[in-house]
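Asker: No letters, just coordinates:
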């Protein structure tokens, strides 16, 4: 069960340390853990009354965990698997066996492949497009996508526009868009082609998702992904302070003074471990240079609503279904089986992406519940109609993360402002998964970014 | 000459009033003036040590004024002309007589029309395109552009992309892009077509700018545009507090508590009179609903650098030139005569827009000075080589406005988030020129937005 660590009351209004870390998500806590292991005196300031950032785990009365936030560990994400092991957590394969349900153009089918359509002509366009994107992605330097030889061209249009111009079949286009949305958790409508190519190179190639044998399963953390942050924070003990909202950071080349809900912290270095959009809301003195500030103005967060319906059993498995659904209508367009390792209770998760979330912005929780359940009945039948529990987490409303999965890059942002993404400004360094060159936007990227920022600071303090 | 009003020291740490206004630019001060005239107890909080927001006037030793920020009053902007009169300011026509210099594809020409090219085939494409845009713009409802019948289609692409697809001649495209950039102060590369059509309807039609008889001249304020704010603040006296940076606003339906640099203000209503990008940096409790917050994440500011070179005389007039230049290369791509009414000294102003400003982000002031002067020599000859004074205002670096001329709307923003632009949230109302339906982004729009917000509040307090 989650519990909180210490609080501000232990600290006497003012504190000195070597490195202050702003943001108690995976990235900030991993940076703190790394620095702490090197004997550096760290302090983590977290605005929320909990740690974990965009990971958040809830527990049902029977102890079943539900991940309201980040949860999947993909093949190749070795660092987060390693961290989970160090923290005493075990991984288990996500429930994926069975047929995927497709609802397209008003008709429902089910078949084995994850995203690949049935029609061979469409199939070949999909795999051809995935191959083409993969090849283009090889020209994107991971640590400086804005230096790709065609960066300017690729950053002048959205992935959506590129698909419209280059893929004949509307269905093939939507399969590629769905798979990118599903795999990377970002809409294709406003994402620049350059950003999409970077994600493909930074994380999964698309190919396995549109192949006829599915990729290795995603794994999940038994007990919930937020436990990673909770356990790191427990190890750090008094060096993590929650409910400490950082309003301003004064800095120069030698150090920082951070103001947080009545607490003043002086340190030699700061690591701001937040998504750029949220990091931009801190007042920096002196003001950040224009290129850094304008980057933070131009990296909005996706507005995900993650919903769960809990049932006594995994009833869809009786019908040979995996619990995965892909749809071109409704509010939930991607659904999956999110049951615990025991398989009981049966839990379906639905992802409501930005376009649909906007449409729901004036609705009540009851109306959203109705819309979600109606979609699940469409995908999985009448047994989906009466969940014993409906849960929702509106990440767009979340005060301190303001969205999930993460920040995205519209056309022009990366070629214009990318070089400011990781560049320290005086004693202020940047972490958070958006700053990671590898598995950017994922929990794995959060770890890699935290580690990089910690190493930057270590080399400066040496 | 500017001077400051009172300061926080007159106030005892805590204050109550009817309406607190956050932001002491034209919009906030006009709202305060309007409310004050109706007997409402107002207080204006301004983060800077001056009022004026994106207007800023500097004075040379001889008293000559230079507007580093907003300055032009276009034909049809009657409210700001009226306000200037009320405040004892006089207007004068901007220096525009003479030939415009064009530098295109490496060659320099000069001719009479402002933007219209010489070649008749290009001319007809330009005027045809301006007409087409004008006609489309008539379908954009000014107070709800997202409800245009083709809103979704027009908001799915940039103006740049529409021009590429609909105008054959690259030169005609660039003329239209230049004129929109020059007239509206926004780049065309990332502006959605819907937003561009709204600007055309909200303010100037483009036609006069590409016609063979030029439009009526822009007017300027003798003594500088910042004087509008300074004089409104002087009239408000102790009800304007500078250096009061608002970090948070607690609100409900009944009132607000505003924290500003050690000052706590309680009021029945707040008017936040700032561009959305900057308004988003305040902490609101409860947190703003997702649609409002995400709007503020998605309306970045342009990053204008405004430069001035001062010369003993208006030497370009001797050559029959107006001082206006339009160029497709260099850092200054639009220049104009910005001399005072007396015509002495001679002053050239240059506008460095976002794309060029980014390129200059790592340069020193001396390097920028060199690049600017080199452009002016190219446009106006060797006499431009030795200004007696070089001035620059990097609006992207300005801590509390973070850009000029204003916020812009990329594809998808207006159809997704537009309805949140003016909608009050509890006791919090929104002003600032970006919220104006008419002359949005201009000083005139700032007045209209301030007036609208004041009327909203008045009707609620009645």
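Answerer: Nice, I can see it. Quantities reported herein were computed from a predicted structural model and do not represent experimental measurements. Numbers count the residues shown, from 1 in each chain, chains lettered A, B, ... in the order given.

Asker: Quick check, residue A:101 in contact with residue A:376.
Answerer: No: assessed by Cβ atoms under 8 Å, residue A:101 is found out of contact with residue A:376, at 10.0 Å. Just so you know, the C-beta spots here come from the backbone N, C-alpha and C atoms, and that holds for glycine as well.

Asker: separation between residue A:23 and residue A:422?
Answerer: Distance of residue A:23 to residue A:422, computed by Cβ to Cβ, to the nearest Å: 15 Å.

Asker: let me redo that: residue A:129
Answerer: Counting by Cβ to Cβ, the separation of residue A:129 from residue A:422 is 31 Å.

Asker: More neighbours: the two, which one.
Answerer: With neighbours defined as other Cβ atoms under 10 Å in any protein chain shown, residue A:129 and residue A:422 compare such that residue A:129 has more, 22 against 19.

Asker: That one belongs to a helix?
Answerer: Yes: membership of residue A:129 in a helix is supported by DSSP: H, G, I helix; E, B strand; the rest coil.

Asker: Look up the pLDDT of it for me, please.
Answerer: At residue A:129, the model reports a pLDDT of 91.

Asker: Closest residue of the stretch 301-450 of chain A to chain B?
Answerer: Ranking the residues of the stretch 301-450 of chain A by distance to chain B (Cβ to the nearest Cβ) places residue A:396 first, at 3.1 Å.

Asker: I'd assumed residue A:405 was in contact with that residue.
Answerer: No: at 12.0 Å, residue A:396 does not count as touching residue A:405 under the criterion of Cβ under 8 Å.

Asker: Which neighbours do the two have in common?
Answerer: By the contact definition Cβ atoms under 8 Å, 6 or more residues apart in numbering or on different chains, residue A:396 and residue A:405 are jointly contacted by residue A:304.

Asker: how about the helices of the stretch 1-150 of chain A, start to end?
Answerer: A:26-37, A:78-86, A:120-137 (DSSP state H, counting those that start in this stretch).

Asker: How about the second one, which residues are buried there?
Answerer: The one in question is helix A:78-86. Going by neighbour count (16 or more other Cβ atoms under 10 Å in any protein chain shown), the buried part of helix A:78-86 is A:79-81, A:83-84.

Asker: Could you do the longest one as well?
Answerer: Buried residues in helix A:120-137, counted by 16+ other Cβ under 10 Å: A:122-123, A:125-127, A:129-130, A:133, A:136-137.

Asker: For that helix, which helices and strands make contact with it?
Answerer: helix A:159-166, helix A:170-184, helix A:193-202 (3 or more Cβ pairs under 8 Å, 6 or more residues apart in numbering or on different chains; DSSP states H and E).

Asker: From chain B, how far off is residue A:164?
Answerer: Shown here: residue A:164 relative to chain B, a distance of 10 Å by Cβ to the nearest Cβ, to the nearest Å.

Asker: what does residue A:237 give?
Answerer: Distance check for residue A:237 against chain B: by Cβ to the nearest Cβ, it reads 28 Å.

Asker: same deal with residue A:142?
Answerer: When Cβ to the nearest Cβ is applied, the distance between residue A:142 and chain B equals 22 Å.

Asker: my hunch is that residue A:367 is in a helix, does that hold up?
Answerer: Yes: the assignment for residue A:367 by three-state DSSP puts it in a helix.

Asker: Count the residues that sit near it.
Answerer: The tally of other residues near residue A:367 (other Cβ under 10 Å) stands at 11.

Asker: same deal with residue A:241?
Answerer: Here the number of neighbours of residue A:241 (other Cβ under 10 Å) works out to 24.

Asker: Averaged over its residues, which helix or strand of chain A has the lowest pLDDT?
Answerer: The least trusted helix or strand in chain A, going by mean pLDDT, DSSP states H and E, turns out to be helix A:170-184, with a mean of 80.
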